[in-house]
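Peer 1: show me the folded form of this:
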Amino acid sequence: MTNRATILQLIAAVITICLMAVLHDWLGWYLHRLDPKFLQGLAVGICLTIVIVLMALWYDHRKSVALTQREQQRTRNIIDL
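Peer 2: Have a look, this model is predicted:
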């Protein structure tokens with residue numbers, strides 16, 4: 001890795017850390033102003049969304065595995081003919 005690339009990576013890291021610190025302060029200030037019931041609803045909504053996305057990914061993965069097994073069986077049947 002060259003010296004210039006290392007310096008650019010360090011600059012990018014410092015900028016990222018500064019942005020994350022500002023975001024943390026702003027988000028903390030904003031969330032403290034909200035009603036606790038709204039925050040509970042937001043948390044439940046986020047959890048349910050994550051569960052639905054994970055279930056969709058699991059279903060898609062299961063479907064692709066089953067399709068692969070069917071394709072393998074079809075190939076074996078064609079070979080047997």
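Peer 1: now do whichever helix or strand Cys18 is part of: distance to the chain's middle.
Peer 2: If you go by DSSP states H and E, Cys18 is part of helix 3-33. Centroid displacement of helix 3-33 relative to its chain, using C-alpha atoms, centre = their mean, to the nearest Å, is 20 Å.
Peer 1: that helix - what's its average pLDDT?
Peer 2: Helix 3-33 shows a mean pLDDT of 91.
Peer 1: residues of it that come out buried?
Peer 2: For helix 3-33, the neighbour count (16 or more other C-beta atoms under 10 Å) marks no residue as buried. C-beta coordinates here come from the backbone N, C-alpha and C atoms, glycine included.
Peer 1: tell me the domain ranges of the chain?
Peer 2: Here the domain parsing of the chain from automatic domain parsing is 1-33, 35-81.
Peer 1: ok so, going back, now do the helix holding Cys18: which elements does it pack against?
Peer 2: Applying 3 or more C-beta pairs under 8 Å, 6 or more residues apart in numbering; DSSP states H and E, one finds that helix 3-33 contacts no other helix or strand.
Peer 1: got the contact list for stretch 39-54?
Peer 2: Here stretch 39-54 makes contact (C-beta atoms under 8 Å, 6 or more residues apart in numbering) with Leu31.
Peer 1: pull the distance from that stretch to the chain's centre.
Peer 2: For stretch 39-54, the separation from the chain centroid amounts to 13 Å (computed by C-alpha atoms, centre = their mean).
Peer 1: alpha carbons of that stretch, as CSV, please.
Peer 2: Extracted in CSV, the C-alpha atoms of stretch 39-54 (Å, rounded to 0.1, in the frame of the first residue of the first chain):
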residue,chain,number,x,y,z
LEU,A,39,-40.3,4.8,20.6
GLN,A,40,-41.7,1.5,21.7
GLY,A,41,-43.8,1.3,18.6
LEU,A,42,-40.8,2.2,16.5
ALA,A,43,-38.7,-0.5,18.1
VAL,A,44,-41.5,-3.1,17.5
GLY,A,45,-41.9,-2.0,13.9
ILE,A,46,-38.1,-2.3,13.3
CYS,A,47,-38.1,-5.8,14.9
LEU,A,48,-41.0,-7.0,12.9
THR,A,49,-39.5,-5.6,9.7
ILE,A,50,-36.2,-7.5,10.4
VAL,A,51,-38.1,-10.7,11.1
ILE,A,52,-40.1,-10.4,7.8
VAL,A,53,-36.9,-9.7,5.8
LEU,A,54,-35.1,-12.7,7.4
